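Student: Curious how this folds, go ahead:
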Amino acid sequence: MYRLLPLLFMLAVSPESEKKLDTLNSFIMATKDTVSSIKSGIDTFHAAMMPFMTGSATNETSSPPPAQPKYDAPGQKEAGDFEV
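Tutor: Next up, the predicted model:
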């Protein structure tokens, strides 16, 4: 609070201080609008993705993945099986 008083007095005596404050105000308002827009977009994205995430989680637990064949071709041996 006490640090703000010298700044206010300095702004009161400097020329074009109101113009500089208006510029600063417009910058701060644009930043605020941008941050709220990004936050809204993230919230919308999160809300749209939740059904997919919950749907994929239930699919993984309800059915196991299909079994992979042990051999690619008939008569093919597994790696590490050697005939002597």
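Student: pLDDT weak spots in the protein?
Tutor: Applying pLDDT under 70 to the chain flags the ranges 1, 56-84.
Student: Check which helices and strands the longest helix anywhere in it sits against.
Tutor: Ranked by number of residues, the top helix in the chain under DSSP state H is helix 17-62. If you count contacts as 3 or more CB pairs under 8 Å, 6 or more residues apart in numbering; DSSP states H and E, helix 17-62 packs onto no helix or strand. Yep, even glycine has a C-beta here, placed from its N, CA and C like the rest.
Student: From Thr31, how far off is Ile38?
Tutor: Computed as CB to CB, to the nearest Å, the Ile38 to Thr31 distance reads 11 Å.
Student: Let me fix that, I meant to ask about Met49.
Tutor: 27 Å.
Student: How about Leu24?
Tutor: Distance from Leu24 to Thr31, by CB to CB: 11 Å.
Student: now Pro51
Tutor: Distance, Pro51 to Thr31, using CB to CB: 33 Å.
Student: can you check Leu5 too?
Tutor: From Leu5 to Thr31 the distance is 26 Å (CB to CB).
Student: for Thr54, same thing?
Tutor: 35 Å.
Student: Phi and psi next, for Glu16.
Tutor: phi 60, psi 30 (degrees, to the nearest 10).
Student: Just give the number of residues close to it.
Tutor: Glu16 has 9 neighbours, counted by other CB atoms under 10 Å.
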